[in-house]
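Undergrad: Curious how this folds, go ahead:
(one chain, ligands or ions: 2)
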Amino acid sequence: MRVALLANLKKNAPTWDGMSPDQWDDLDSEKTIESIMGALRSRGHEVTFLEGDIGLVEQLPKVKPDICFNICEGHFGDAREAQAPAILEMLRIPYTGSRVMTLALALDKPMTKRVLTYHDLPTPAFQVFERMGEPLDPSLHFPLFVKPSREGTGMGVGPESVVQDEAQLRRQLERIFTRYDQPALAERFIEGREVTMGIVGNLVSPTARRMPEDENAPRIFKGLHIFPALEVDMGKYPIEEAGIYTNRIKVELAEDFHYLCPAPLPESLVEDLRWYTAAVFRVTGCLDVARVDFRLDMHDNNKPYILEVNPLPGLNPGYSDLCIEAAAAGWTYEGLINRILDEAAGRYGLEQG
Ligand SMILES: Nc1ncnc2c1ncn2[C@@H]1O[C@H](COP(=O)(O)OP(=O)(O)OP(=O)(O)O)[C@@H](O)[C@H]1O
Ligand SMILES: [Mg+2]
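TA: Residues are numbered from 1 along each chain as shown. Ligands and ions are numbered 1, 2, ... in the order given. From the prediction side, this is the model:
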């Protein structure tokens, strides 16, 4: 097939005076782009890279791809990850991964949590702050975890995200409002282990209805491949990171990633994590690939809490969680990338190979 790889390269991103140093931490490196192109070419596809900006409108009709491999994170706007797919839909070009609605939803953590809550899926209790003076909901208790509503790669997440009292809460809100110019999400702080689960595939059965309340109802997995759980080995990181999977660990220390995969967890807990992952994938409308992040409450028998879903998980072959998980399952990087492509091609009824 003729494949256009669409991504936002860190080195192509706009810059301006006074921009935050972590502004483009979620964008991709040339290494990732080259690796994905290599993986697609290894299966005989003809691959062109296009920067995922407004130039797509002009470039795509020239390149005429059969399908786009989309990993665009976007630059600006509260639904920036949904912008390239919106263009692709206007141009009627097939693309890999989740569609506009899911990408916009998942970028907004509070919106995602509202959907999870409707389906009775466990996510930490929360409150969204849009202004400095908003009072704290009396049902929430310190310590709380306070982060931006719409960032990734640990942007705005550091030891100061854990707030112990009103004064610290207000300081963190101020930081988020000034630096990220968006609402802040305050959640119950889940103290415990950090686990992430990767998934590729698509559900084959009808899935639109509300999750059954009965916990003995059959669990729907058919069509999904869930990789082994990856635990971030927090004990190996500098004490200043305070046991949190911070921006610093995800960017500065990324090449020196400490993890356990498969995570050493009891089988029944892994089974619940697999089920929650499939359920989150389903209720947020993910397609082809996603990663779901969890924390296990050490004060409640490792009860899992869903932090977020990433429908555009990092695909750096060296250190991205999903790639490590796939490798732990015996998959090659080429196998992973081409499975994502083939899942999408299958949905559109395109001839594969
Ligand atoms: N409620 C919470 N309780 C405890 N720790 C939390 C909580 N929310 C977030 N964290 C910590 O902050 C990290 C980053 O949070 P989250 O996954 O929401 O952000 P992110 O920046 O979008 O991550 P990603 O890189 O996966 O896109 C988590 O992996 C976890 O270590
Ligand atoms: Mg995360």
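Undergrad: what kind of secondary structure is residue 296 in?
TA: Under the three-state scheme (DSSP: H, G, I helix; E, B strand; the rest coil), residue 296 adopts strand.
Undergrad: count of neighbours near residue 178?
TA: If you count neighbours by other Cβ atoms under 10 Å, residue 178 ends up with 9. Glycine gets a C-beta too; all of them are placed from N, C-alpha and C.
Undergrad: same deal with residue 234?
TA: For residue 234, the count of nearby residues is 17 (other Cβ under 10 Å).
Undergrad: For the nearest residue to it once chain neighbours are set aside, which residues are in contact?
TA: Residue nearest to residue 234 in three dimensions, not counting chain neighbours: residue 243, with 4.8 Å by Cβ to Cβ, 6 or more residues apart in numbering. By Cβ atoms under 8 Å, 6 or more residues apart in numbering, residue 243 lies in contact with 191, 234, 237.
Undergrad: Quick check: closest non-adjacent residue to the first one.
TA: Taking Cβ to Cβ, 6+ apart, and ignoring the residues beside it in sequence, residue 191 has residue 298 as its nearest neighbour in space, at 5.5 Å.
Undergrad: Please verify my assumption that the one you found contacts residue 234.
TA: No - in this structure, residue 298 is not within contact of residue 234 by Cβ atoms under 8 Å, at 11.5 Å.
Undergrad: Spit out the residues that contact the two alike.
TA: Listed contacts common to residue 298 and residue 234 are residue 193; contacts here mean Cβ under 8 Å, 6+ apart.
Undergrad: what residues does this structure put near ligand 1?
TA: Neighbours of ligand 1 within the chain, by Cβ under 6 Å from any ligand atom: 124, 145, 147, 151-155, 157, 187-190, 194, 244-245, 250, 293, 295, 307-308, 310.
Undergrad: repeat that for 5 Å
TA: 124, 145, 152-154, 157, 187, 189-190, 244-245, 293, 307-308 (Cβ under 5 Å from any ligand atom).
Undergrad: and these, which of them are in strands?
TA: If you go by DSSP state E, the residues of the chain next to ligand 1 have 145, 187, 293, 307, 308 in strands.
Undergrad: what sits opposite the nearest residue to the fourth one once chain neighbours are set aside in the beta ladder?
TA: Pointing back at residue 307 there. Nearest residue to residue 307 in three dimensions, chain neighbours excluded: residue 293, at 4.4 Å (Cβ to Cβ, 6+ apart). As for beta bridges, residue 293 partners with residue 196, residue 308 under DSSP bridges.
Undergrad: And the pLDDT for residue 293?
TA: Looking at residue 293, its pLDDT is 97.
Undergrad: Near residue 139, how many other residues are there?
TA: Other residues within reach of residue 139 by the criterion other Cβ under 10 Å amount to 8.
Undergrad: Return the residues in contact with the nearest residue to it once chain neighbours are set aside.
TA: Excluding its sequence neighbours, the residue lying closest to residue 139 (Cβ to Cβ, 6+ apart) is residue 125, at 7.0 Å. Residues in contact with residue 125 (Cβ under 8 Å, 6+ apart) are 139, 140, 187, 188.
Undergrad: gap between residue 125 and residue 136?
TA: 12 Å (Cβ to Cβ, to the nearest Å).
Undergrad: got it, and residue 154?
TA: Residue 154 sits 24 Å away from residue 136, taking Cβ to Cβ as the criterion.
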